[in-house]
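Engineer: Take a look and give me a structure for this.
(2 chains)
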Amino acid sequence: MNKPLTVALPKGRVLEQAQRALADAGLNLRLDVDDRKLRHEAPEGTVLVMRNHDVPKYVELGVAEIGVVGKDVLEEAAVNVYEPVDLRFAACRMSLIRPAGETGPIRRVASKYPHVAARYLAGQGIDADVVHLAGNVELACISGLSDAVVDVVETGSTLKANDLEEVDVVFESSARFIVNRAALKLRHARLKDLIDRLRSGVQ
Amino acid sequence: MSDLYTRWGYQPVDLPALEVYDATHPKAEQAFTLTDPTGGLLSLRSDFTPAVARYVAAHEFAAGAPVRLQVSGSVWQAIHPDVGRTREFHQVGVELVGVSHERADAELVYLARETVRLAGLTPRVELGSPGLLTALMHEAGVPHDRREALAFAIDRKDVSDVERQLAAAGIVGPTADALLAMPDLYGPVERIDEAERWAAGDASRAQLRHLRGVIDAFDDPSELLLDLGMARRHTYYTGITFRAYTPDFGQPLLGGGRYDGALLPYAAGFSLSLERLERALGAPVSEPALDGLAVDDQVADRLRQAGFRVARSIATDLDGVRREAERLGAKWFAVGSEIHAIALDINVNAIEAAAQGRDA
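Structural biologist: Just a heads-up that it's a prediction; the model follows:
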């Protein structure tokens, strides 16, 4: 039963931090230098490197048993996985953003996170259309495409530079360690140990 | 599978696929709806349970006696289709209605295990108890409007979120610690012992005793798994729930539980999707339409007379016939009157005797 684990990790900054957190918890996944490779075989596990929005799906379907991904992406994907550890890094806020001082009605909201935006608006009783954009969503607000945007805010410098402000925080986000539901049950000894170590690492 | 349930006394029932739309249906938001010419709203069944409840209500079964029913057919769910999730799928299910008892629950868990075995897979049946979680939330004084979010966090095993939510609700002390412990109480069934210290109230103790009773009904509980953090649909399921897994397949094969009072006073059951089972098997569940392939027509005829289902091969060379037989799922093939086995459990001599027209 001690088969190596398959791990889904997102490209970019989180990749390195996730690797470090997993290594500190005893799971060493040395990645090859060639960063064009999509699949890396290490003695302790196979790493699949992908866009962050794809991580939840790979883990839900069990192609990867475990993964690391931001809570923002996880909320948008609304998948059936376990998220037993808040790894605390890659902290940001999912926020409602408008041009500074704007108080008019919200009729249209742009977001890279259409499900999150729709759920938030419904919860607030705001009847607005959601426009799904691929990136730089703040531009929608500045250009008049939308009255507001729902997006992640890290430092707030992009907002300041474009004369935008955070009107409301939808939720706080950070990187999460996620586990396929069946894998946690069928390989509980191995995964419980990893979860315990990851948790004591963030204490 | 239907044979298995029939042998256990589950009567097959035919239920309509068209239903009058009911907004209180537990899966109403997933129902495809349509209108009849008078403007009445109908729905396609998205789950068998409400139709079973109506069937039971319409028939006069003896009070207090268990009613065992089995259903099979298509269901339709208005969800976003995706890998492993289709809008139409074939559901098979059993319902044990009219009693609420450990032995009834154990019977269903047992049948769930046999179902997976029958499909040729190794069963791992996992037990949980939304009833226990509801009792613990009640005993901790979690306000009703916070229970859904808390149960969802417990179900995701997001302990840091459970902690935040309990703090926000001002719940501290042993009852809060009990709720915090549940997401991590999973694994071998013996871990139920660790739950004893957390079940302090009458309701939670009764739920735990019941769960233990179900586990004790098994001779070999090592085949069972436990997860006391299973909180999915905790307002619907009132006692135990269970799921069946099989090694190296990332999704549960089957799920069910006890839902007393939701649609019927006492009822429990489980269901599975044949499509998912098919994916777990990695091959069609349906039996291949033939037993063997034969090159020679006379040999084929003799084998058919002996009761085998035999098709003529298109290929005539040994390797070609073998490939053809494998593709068709045949268990053996005949070149001349010589039988070549593909499946392991083939009595080559007996088939060869039939091929040659002599007694084995």
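Engineer: Please, which helix or strand holds B:G187?
Structural biologist: Assigned by DSSP states H and E, B:G187 belongs to strand B:186-188.
Engineer: Now whichever helix or strand comes after that strand: buried residues?
Structural biologist: Later in the chain than strand B:186-188, the nearest helix or strand by DSSP H and E is helix B:192-195. Neighbour counts over helix B:192-195 (16 or more other C-beta atoms under 10 Å in any protein chain shown) mark B:I192, B:A195 as buried. Yep, even glycine has a C-beta here, placed from its N, CA and C like the rest.
Engineer: on contacts alone, who are the packing partners of the following helix or strand past helix B:192-195?
Structural biologist: Once the chain leaves helix B:192-195, the next helix or strand it forms, by DSSP H and E, is helix B:202-216. Other elements packing on helix B:202-216 under the criterion 3 or more C-beta pairs under 8 Å, 6 or more residues apart in numbering or on different chains; DSSP states H and E are helix B:102-118, strand B:124-128, helix B:130-140, helix B:192-195.
Engineer: Where does A:I142 fall, secondary structure wise?
Structural biologist: Going by DSSP H and E, A:I142 is in helix A:138-143.
Engineer: how distant is that helix from the center of its chain?
Structural biologist: Centroid separation for helix A:138-143 versus its chain: 23 Å, with C-alpha atoms, centre = their mean, to the nearest Å.
Engineer: got the CA positions of that helix in CSV?
Structural biologist: C-alpha atoms of helix A:138-143 as CSV (Å, rounded to 0.1, in the frame of the first residue of the first chain):
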residue,chain,number,x,y,z
GLU,A,138,-9.7,45.8,-12.6
LEU,A,139,-9.7,47.2,-16.1
ALA,A,140,-13.4,46.4,-16.4
CYS,A,141,-14.1,48.8,-13.6
ILE,A,142,-11.9,51.6,-15.0
SER,A,143,-13.2,51.2,-18.5
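Engineer: List the buried residues of that helix.
Structural biologist: So helix A:138-143, judged by 16+ other C-beta under 10 Å, has buried residues A:E138, A:A140, A:C141.
Engineer: what's the answer for stretch B:119-130, then?
Structural biologist: Per 16+ other C-beta under 10 Å, stretch B:119-130 contains these buried residues: B:A119, B:L121, B:P123, B:R124, B:V125, B:E126, B:L127, B:G128, B:S129, B:P130.
Engineer: show me which of these neighbour chain A.
Structural biologist: Among the buried residues of stretch B:119-130, the residues that sit close to chain A (C-beta under 8 Å from any C-beta of the partner chain) are B:R124, B:E126.
Engineer: okay, residue 88: pLDDT?
Structural biologist: No chain specified, so I'll use chain A. pLDDT recorded at A:R88 is 94.
Engineer: Chain B was what I was after
Structural biologist: Per-residue pLDDT puts B:E88 at 94.
Engineer: can you redo the helices and strands packed on helix B:202-216 as CSV with mean pLDDT?
Structural biologist: As requested, these are exported to CSV (pLDDT from 0 to 100):
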stretch, mean pLDDT
helix B:102-118, 95
strand B:124-128, 95
helix B:130-140, 96
helix B:192-195, 95
